[in-house]
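got a predicted structure plus its sequence, pasted below:
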Amino acid sequence: MSSATNYNYGTAILAAFEYLLGRYPEVFVIGQGLWSPWYVGNSMTALDRKFGVERIIDTPVSEAACTGAAVGAALAGMRPIVVHPRIDFMLYAMDAVVNQAAKWSHMVGGQAHPGLTVRAIINRGGEQGAQHSQALHAWFAHVPGLRVVMPATVADARDLLIASVLSPDPVVYIDDRWLYDQTDDLPPIVELDLADVRPKVLREGDDLTLASAGHSTRIALDAAIRLAEQDVRAEVVDLRVLNPMNLDVVIESVRRTGRLLAVDGGWRTCGLAGEVIARVSEAIAPREWRAAPKRLTLPDAPAPTSRVLESIYYPGVPQAVAIACELVS
Amino acid sequence: MTASGAALGPLADPAYGHGPLSLGDTPPERLRGQLHTMLRIRMAEQHLALMRRDGLIGGPVHLGAGQEAVAVGVSQWLRGTDRVFGGHRSHSHLIALGGSLHGLFAEVLGKDTGLSRGMGGSMHLWDQPRGFYGSVPIVAGTVPLAVGAALAARMQSTGDVAVAYFGDGAVEEGVVQESLNLARMLKAPVLFVVENNLFSSHMHISLRQPSNATVRFAQAHDIRAELVDGNDVVAVQGAAERLVGHARRGEGPGFLEAVTYRWYGHVDWRDDVDVGVNRSIADLENWRARDPIGRLAAALKAAGEWSDGRHEAATMEIRGEIDQAWQQAVADPYPAPEALLDRVYAARRAARP
């Protein structure tokens, strides 16, 4: 791997921005905080200086208008990337995302497609509380017409951002600040077609399947290491793309393991973990299960600020290990 | 202009402006063309009203009869590569760009030959090859889209402009204020056109805003603005020429408030005098007398540039076009069942569970 480059998750995103802006003149970036990159960790450093403030547009406080403007620019042939440094603030932009971007192709008979990418960052913990903490990927995955991408690995942070921006469809790309310290050596960039991206087995095992996305995949991988110490071989499947959802890889895994734990950093009710369990249950006959499937999610409550409550609130490796042990016992 | 009360003055008075237009030095040939386009819009909408009343159209139609001069005056200065966005009441915006009546009718009937391939109906119209990027019924939904399409035009160095048509109700949405500010700060070449027909659905503007002049929002955002009688196609095109030129020259956005009135109720063929708040038969009759078509025709006739005979001939010609377009649209096929899933994403495969 002489051509490999070492990245962390944040610099992998930065590399994707540099690749896209350097190669595609129709790509531009719009959002708040882009000229003061502490908003987005190390993922956009100096882009404004390298590519100019005409293409890296830091804006007034206007999530709705910026996102709507990106939809309109995309319809006019550009490839905009809207950055919402916190997904919570993006709720102001829901009309542009859900009513306009997601439905445009269908409403106009497939004759026009707003190929914008909305990069939304999950930035939680540190006693920030209810409005600086949310993981709303399940909402977006519920909406037909959006592609929803949740990279868990350094490679996907780079390569799926590029695939998102090159996709002709509107994409919500959700990255997680808790992943930014991961590192990896990556080969040179190869452009992927987002429509071809499927869940990936990150670790093989035949005792149970852990299915997850984004930071929850980090939890699943760490849990699998701990489980191995107890002679439990967990297979970890990273979902990567939540909408349109294709769980063939997960289903195939559960056919072998007979056990499923869905791990998700979102809320429980109508959430991603429930959807994964439902789809796998529909595909696999009851007699093939060795245990009833389980899920590990956030409790159905807003994020607290107090550190004592916060430590209870976020599910982690110990909880995943404990549930996995219940499943195999 | 005062910050409160009836700042529009006589422009909002139903008794104002009943006489022939003042044509100034506008070329008569252009005015005859505009009269023809306004008639085409009016008669197409009257046809839709009747077909809806008679149950031949399944979905809602939001008609803009009485407001034709706004779109016709603005479109005078647009070209096919400009980027026009509308709302729920956008038949006029589409037809003023030369849109096909057959395409519109087929769309309203949900046919595969419709402008949106039968997927949109009256409220989701698309004719991008003519510059009509789209209309949707979420009030103010396309206003930021027009800002973005304008920004794209600037980045693409095309000299094109974007137009956002919206109503006096839409200015009450927060996203319009954001869009005005963003457009001004980015110097986006976009023209905001407010068709102020004094009503949002059933509610009169006096019950919704402290002033009836929406142009005050342009002033708040330091955007060049003009306020005109929206039933005077000469006044509309004069202001639109200045504002479109301003945007095309890269000098920033413009804001045109055109005061007008819709003859039909909020949706479909009824008058809505019984459900509207502050909408009376007397007002409606007065506003019908401030007819943008009748006033232009009267002025052209007085100038010897139009006649009852020419009017009758134009009407007959459009009547024939409407009948033929409607019959063809009725006979056209519906979308195939696969359209339901195949048009969700652009990719080669459909989204299937």
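Received it, and whenever you're ready, just let me know what you need.

low-confidence ranges, chain B, go.
B:1-5, B:347-353 (pLDDT under 70).

try 90 this time
Across chain B, the stretches falling below the confidence threshold (pLDDT under 90) are B:1-6, B:271-278, B:347-353.

go on, chain A?
Residues of chain A that meet the criterion pLDDT under 90 lie in A:1-3, A:36-41.

partners of the longest strand belonging to it in the sheet?
For chain A, the strand with the greatest residue count under DSSP state E is strand A:260-267. Strand A:260-267 pairs in its sheet with strand A:208-212 (parallel), strand A:294-298 (parallel), by DSSP bridges.

dump these into CSV; add mean neighbour count as well.
The C-beta positions use only the backbone N, C-alpha and C, and glycine is treated the same way. Supplementary listing: those in CSV, determined by neighbours: other CB atoms under 10 Å in any protein chain shown:
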stretch, mean neighbour count
strand A:208-212, 30
strand A:294-298, 20
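
separation between the most centrally placed residue in chain A and A:Val98?
Chain A has A:Met150 as the residue nearest its centroid, 1.5 Å off, counting by CA atoms, centre = their mean. In this structure, A:Met150 and A:Val98 are 18 Å apart, going by CB to CB, to the nearest Å.

also B:Gly167?
Separation of B:Gly167 from A:Val98 (CB to CB): 22 Å.

between those two, who's got more neighbours?
The neighbour count for B:Gly167 versus A:Val98, taken as other CB atoms under 10 Å in any protein chain shown, is higher for B:Gly167 (27 against 18).

how about that one, nearest residue that isn't a chain neighbour?
Setting aside the residues directly before and after it, B:Gly167 is nearest to B:Glu195 in space (CB to CB, 6 or more residues apart in numbering or on different chains), at 5.5 Å.

how would you label that neighbour: helix, strand or coil?
Reducing the assignment to helix, strand or coil with DSSP: H, G, I helix; E, B strand; the rest coil, the entry for B:Glu195 is strand.

break down chain B into its strands, ranges please.
Along chain B, the stretches classed as strands by DSSP E are B:83-86, B:132-135, B:162-167, B:190-196, B:199-200, B:203-204, B:224-229, B:254-259.

and the stretch 1-150 of chain B, which of its residues are near chain A?
With the criterion set to CB under 8 Å from any CB of the partner chain, the stretch 1-150 of chain B comes near chain A through B:83, B:85, B:114, B:116-120, B:124, B:126, B:128, B:133-134, B:136, B:138, B:141-150.

make it 7 Å
Proximity of the stretch 1-150 of chain B to chain A, by CB under 7 Å from any CB of the partner chain, involves residues B:83, B:116-120, B:124, B:126, B:128, B:133-134, B:136, B:138, B:141, B:144-149.

from those residues, which land in helices?
Cross-referencing the residues of the stretch 1-150 of chain B next to chain A against helices under DSSP state H gives B:Pro144, B:Leu145, B:Ala146, B:Val147, B:Gly148, B:Ala149.

run through the residues that contact the fourth one.
Counting by CB atoms under 7 Å, 6 or more residues apart in numbering or on different chains, B:Val147 makes contact with A:Ala65, A:Ala69, A:Gly72, B:Ser179, B:Leu182, B:Ala183, B:Ala188, B:Val190.

so what's the residue count around A:Ile189?
15.

distance check, the residue nearest to B:Gly167 against B:Ser90.
10 Å.

overlap in contacts, those two.
Both B:Glu195 and B:Ser90 are in contact with B:Tyr165, where contact means CB under 7 Å, 6+ apart.

work out for me the element the nearest residue to A:Ala15 once chain neighbours are set aside sits within.
Distance criterion CB to CB, 6+ apart; nearest residue to A:Ala15, sequence neighbours excluded, is A:Arg158 at 5.3 Å. For A:Arg158, the enclosing helix or strand under DSSP states H and E is helix A:154-166.

same question for A:Glu191.
Secondary structure assignment for A:Glu191, by DSSP H and E: no helix or strand.

correct me if wrong: it contacts A:Ile162.
Yes. With contact defined as CB atoms under 7 Å, A:Glu191 reaches A:Ile162; the gap is 6.1 Å.

report how many residues lie close to the residue in the stretch 101-250 of chain A that chain B sits nearest to.
Here the residue of the stretch 101-250 of chain A nearest chain B is A:Gly109; by CB to the nearest CB that distance is 2.5 Å. A:Gly109: 21 surrounding residues under other CB under 10 Å.

doesn't B:Ser116 make contact with it?
Yes. When contacts are counted by CB under 7 Å, A:Gly109 is listed as touching B:Ser116 (4.7 Å).

all helices of chain A, in order?
Defined through DSSP H, the helices belonging to chain A, from first to last, are A:9-23, A:47-51, A:63-75, A:94, A:102-107, A:137-141, A:154-166, A:215-229, A:248-257, A:272-283, A:307-313, A:317-328.

is B:Ala183 in contact with B:Gln177, as I believe?
No. Assessed by CB under 7 Å, B:Ala183 is found out of contact with B:Gln177, at 11.0 Å.

who's more crowded, those two?
Of the pair B:Ala183 and B:Gln177, B:Ala183 is the one with more neighbours under other CB under 10 Å, namely 32 against 19.

from A:Trp104, how far off is the more buried one?
Using CB to CB, which is the criterion applied here, B:Ala183 is 21 Å from A:Trp104.

what does A:Glu310 give?
The span separating A:Glu310 from A:Trp104 equals 39 Å under the rule CB to CB.

over to A:Asp207?
According to CB to CB, A:Asp207 stands 45 Å off from A:Trp104.

ok, now B:Leu39?
Applying CB to CB, one obtains 32 Å for the distance of B:Leu39 from A:Trp104.

what about those two, which has more around it?
Here B:Leu39 and A:Trp104 are compared on neighbour count by other CB under 10 Å; more neighbours surround A:Trp104, at 26 against 20.

check contacts around the residue lying closest to that one once chain neighbours are set aside.
Closest residue to A:Trp104 in three dimensions, ignoring its sequence neighbours and counting by CB to CB, 6+ apart: A:Pro114, at 5.0 Å. Applying CB under 7 Å, 6+ apart to A:Pro114 gives the contacts A:Val71, A:Ala74, A:Leu75, A:Ala101, A:Trp104, A:Pro170.

cool, and B:Asp272?
Listed by CB under 7 Å, 6+ apart, the contact partners of B:Asp272 are B:His202, B:Gly265, B:His266, B:Arg279.

how much space separates it from B:Ile293?
21 Å.

ends of stretch A:35-46, how far apart?
Stretch A:35-46 has an end-to-end distance of 8 Å (criterion: CA to CA, to the nearest Å).

oh, I was asking about stretch A:169-184
29 Å.

ok now it, how far from the chain's centre?
For stretch A:169-184, the distance from its own C-alpha centre to the chain's C-alpha centre is 6 Å (CA atoms, centre = their mean, to the nearest Å).

next, count neighbours for B:Asp274.
Look at B:Asp274: counted by other CB under 10 Å, it has 10 neighbours.

which residues of chain A lie near chain B?
A:28, A:59-60, A:62, A:64-66, A:68-73, A:75-78, A:95-96, A:99-100, A:105-113, A:144-145, A:168-169, A:195, A:244.

most remote residue from the middle of chain A, which is it?
In terms of distance from the mean C-alpha position of chain A, A:Arg287 ranks first, at 33.0 Å (CA atoms, centre = their mean).
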